[in-house]
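K.L.:
please find the sequence and the predicted model below.
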Amino acid sequence: MKRIVYGLTALSVLSLQGNGNSSDHYATTSKTYLAVPPNFQSVQPELISGFRHDRTHAREEGHQGAIQFVLFGGKSFNSDDLARYFMPFGNVFMTAGEALLTLDGSSNTDVLASDFNVITVNGTNGTSPVFESTISFSPKQSTIGFGVHYRQSFHRNEEKERGFWVSASTPLMRIRNTMGFQEQVITDGGGADPDLPFAVANMTQAFNQSVWLYSKIDTGNQAKSKTALGDIELKVGYEWLTHEPCHMETYVGLRVPTGNKGNNEYLFEPIVGYGKHFGLMWGGAAGVRIWGNENDDKKLRIEYAAHSEYQFRKEQIRSFDLKNKPWSRFLPVYVNLQQAQEAQALAATDETLATWMSTPGINVFTKPLHVTPGYLYDMNSAVVFTACTFYGEVGYNLFARVAENISLASPWVPGPALKHLEGNGLTTTVRDITGNIVLELATLNDPEAFGNNIQPIPVVNYSQAIIQEADLDLASASTPAILTQTVYGVLGYVNDDRKFPLFFDVGVAATFSKSSNAIVERWTLWGKLGVSF
């Protein structure tokens, strides 16, 4: 009977995680990295709108070239979905406290604060009230950039209206990311324990502590920004058909990575470009006029473009969890048997230090990884209306990308083990970030209820607790597959009767997804000026 009671209690405790603010709709949680598709890339609205094959042929008896300059910017919305992406259990806010989850449910702790080195005077003395606070994320991203796109026709057969072309495009961009971290301290627990040099007073300090090497989080609206030249896209294509009322072309190309890749010092770090990944691309475009009025110089046409790309492997530094243990990368560990033995030996002279001495898990569960983004597909369709010098365009963009493939750059070296709550060199295989008393202390009530594997493992049996490569959840470091949709509109001016035909337009786009929270939903605005020569 007692085994049944403990089993039901464990299930009920695990089901309570999230304090009611989790959602089964969001399957992507507890992630350590988010690869954000950058602006001003092939067939995206801010690059392709108003600037297609016809601009290279706008000047009669010219050099068959055209260039556009684009000023663009954007801002994300729907921060709650991004918060769930980075937080465990699908949360947007959580309770962090020193109080363990109890069998009667009297504690509503989501994450155990002491796992983050929040160790207070009351917590170590066993007095009340102990530390408790609520924490929340509100991630946001803003971008501003200046893009240049040049296209040149060559080796053209004017009689057949066919020929080759080359193009190059790149943006200079500034990315600004903020996690929007907020903390409301409910009880301070008497402040950080002065006898422990690594103890911090709250979660705000915890996410910025000097002993952490990775995944730090700035507070409030403090942001990390990066300004760099985005990836360069180089293409060579062939126009198969360019006369009215239809056109069709195909191309192949290269992505030359000129942006940056992250070092994972901070969570949600700004990345310009695709993270230094080289890529091969291919695609094409086609269009047809569906209505025209020659007397009023009015035309209505449909334009379609498709872009495919394969991005190759690159080594990056990322953090990861243990399997079935969200946020376990923050759990305290003994880095090897020697550290566990040192903690055991300290018990005779400094019991407090022996209890809490450990290595931050984030320093252990962050490694160089081989990251392969793989295949992506981008499709843009638009309806374009022109009347004399007026230009209007409305369109739809569909972007899809497979999940990143992640593997260790070097073999995992067994040695680290999860520190047991009691410390003193004891280890465990079942500890999680919640401070689950059912798992941590079940041996005090009924050791056989869950089996011998959850009992504190003494130093002499340290090898039984060592984390193996099979225990690592590398998928937690991978950006999952995504499917995004963008709708946009453009208004502009076109004058092809000048010596050097020019155009300028302004546009707005909204990018969103109903299939995943693993994206930055955003608004994008742009203005562009182009000239043919």
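P.N.:
Structure received. Because the structure is a prediction, the values reported are computed rather than measured. Residues are numbered from 1 along each chain as shown.
K.L.:
mind listing what's buried in stretch 383-401?
P.N.:
Going by neighbour count (16 or more other C-beta atoms under 10 Å), the buried part of stretch 383-401 is Val384, Thr386, Tyr391, Gly392, Glu393, Gly395, Asn397, Phe399, Arg401. In this view, the C-beta of every residue, glycine as well, is placed from N, C-alpha and C.
K.L.:
in this structure, mark out all the helices, start to finish.
P.N.:
Along the chain, counting by DSSP state H, helices occupy 2-15, 45-48, 79-86, 121-125, 203-206, 337-346, 351-356, 361-364, 437-440.
K.L.:
thinking again about what came up before, among the buried residues of stretch 383-401, which one lies nearest to His370?
P.N.:
For those, the residue nearest His370 by C-beta to C-beta is Arg401; the value is 17.7 Å.
K.L.:
which one in the protein is furthest away from the centre?
P.N.:
What lies farthest from the middle of the chain is Asn295; by C-alpha atoms, centre = their mean that is 52.4 Å.
K.L.:
what about that one, distance to Cys388?
P.N.:
Taking C-beta to C-beta, to the nearest Å as the measure, Asn295 falls 11 Å from Cys388.
K.L.:
do the same with Phe330
P.N.:
According to C-beta to C-beta, Phe330 stands 63 Å off from Cys388.
K.L.:
now swap in Tyr493 and tell me
P.N.:
Distance from Tyr493 to Cys388, by C-beta to C-beta: 10 Å.
K.L.:
swap in Arg162?
P.N.:
Distance, Arg162 to Cys388, using C-beta to C-beta: 29 Å.
K.L.:
can you check Val92 too?
P.N.:
Counting by C-beta to C-beta, the gap from Val92 to Cys388 is 51 Å.
K.L.:
likewise for Gly492?
P.N.:
Distance, Gly492 to Cys388, using C-beta to C-beta: 12 Å.
K.L.:
with Thr479 instead?
P.N.:
Taking C-beta to C-beta as the measure, Thr479 and Cys388 are separated by 46 Å.
K.L.:
likewise Glu521?
P.N.:
Taking C-beta to C-beta, one finds Glu521 at 37 Å from Cys388.
K.L.:
grab the nearest non-local neighbour of Ser381.
P.N.:
Nearest residue to Ser381, sequence neighbours excluded (C-beta to C-beta, 6 or more residues apart in numbering): Tyr304, at 5.0 Å.
K.L.:
with Leu229 instead?
P.N.:
Thr258 (4.8 Å).
K.L.:
please apply the same query to Leu331.
P.N.:
In this structure, Leu331 finds its nearest non-sequential neighbour in Gly361, 4.4 Å apart by C-beta to C-beta, 6+ apart.
K.L.:
what's around the one you found, how many residues?
P.N.:
Gly361 has 27 neighbours, counted by other C-beta atoms under 10 Å.
K.L.:
what of Leu337?
P.N.:
17.
K.L.:
surely it is in contact with Val460?
P.N.:
No: using C-beta atoms under 8 Å, Leu337 makes no contact with Val460, being 10.1 Å away.
K.L.:
give the contact list for Pro171.
P.N.:
Counting by C-beta atoms under 8 Å, 6 or more residues apart in numbering, Pro171 touches Pro38, Asn39, Phe40, Val70, Phe72, Gly145, Phe146, Gly147, Val148, Leu229, Gly230.
K.L.:
please enumerate the strands of the stretch 401-533 of the chain.
P.N.:
Counting by DSSP state E, counting those that start in this stretch, the stretch 401-533 of the chain has strands at residues 405-408, 417-419, 427-428, 472-473, 482-495, 502-512, 522-532.
K.L.:
which among these is found nearest to Glu244?
P.N.:
Among the strands of the stretch 401-533 of the chain, the nearest to Glu244 by C-beta to C-beta is strand 482-495 (16.2 Å).
K.L.:
correct me, but Ala192 touches Thr120?
P.N.:
Yes: between Ala192 and Thr120 there is a contact at 6.2 Å, judged by C-beta under 8 Å.
K.L.:
so between the two, which is more surrounded?
P.N.:
Neighbour tally, Ala192 and Thr120, criterion other C-beta under 10 Å: the higher count belongs to Thr120, 26 against 22.
K.L.:
check the more buried one and give its pLDDT.
P.N.:
Listed pLDDT for Thr120 reads 97.
K.L.:
tell me the contacts of it?
P.N.:
The neighbourhood of Thr120, defined by C-beta under 8 Å, 6+ apart, consists of Glu98, Val130, Phe131, Asp188, Gly189, Gly190, Gly191, Ala192, Asp193, Ala199, Ala201.
K.L.:
wait, what's in contact with Val211?
P.N.:
Counting by C-beta under 8 Å, 6+ apart, the residues that Val211 touches are Asn117, Phe198, Pro360, Asn363.
K.L.:
that one and Thr95, how far apart?
P.N.:
24 Å.
K.L.:
residue contacts, the closest residue in space to Gly283 that isn't next to it in sequence?
P.N.:
Excluding the flanking residues, the one nearest Gly283 by C-beta to C-beta, 6+ apart is His307, at 4.0 Å. Shown in contact with His307 (C-beta under 8 Å, 6+ apart): Ser42, Val43, Met281, Gly283, Tyr377, Asp378, Met379.
K.L.:
which of the residues you listed fall in strands?
P.N.:
With strands taken from DSSP state E, the overlap with the contacts of His307 comprises Met281, Gly283, Tyr377, Asp378, Met379.
K.L.:
pretty sure Ile290 is touching Glu303, no?
P.N.:
No: if you go by C-beta under 8 Å, Ile290 and Glu303 don't touch, sitting 10.9 Å apart.
K.L.:
more neighbours: which of these two?
P.N.:
Per other C-beta under 10 Å, whichever of Ile290 and Glu303 has more neighbours is Glu303, with 20 against 11.
K.L.:
how about that one: what's its closest non-neighbour residue?
P.N.:
Gly287 (4.2 Å).
K.L.:
also Ile144?
P.N.:
Nearest residue to Ile144, sequence neighbours excluded (C-beta to C-beta, 6+ apart): Gly73, at 4.2 Å.
K.L.:
Phe385 too?
P.N.:
With sequence-adjacent residues excluded and distances taken as C-beta to C-beta, 6+ apart, Phe385 is closest to Gly392, at 4.6 Å.
K.L.:
how about Arg156?
P.N.:
Gly163 (2.8 Å).
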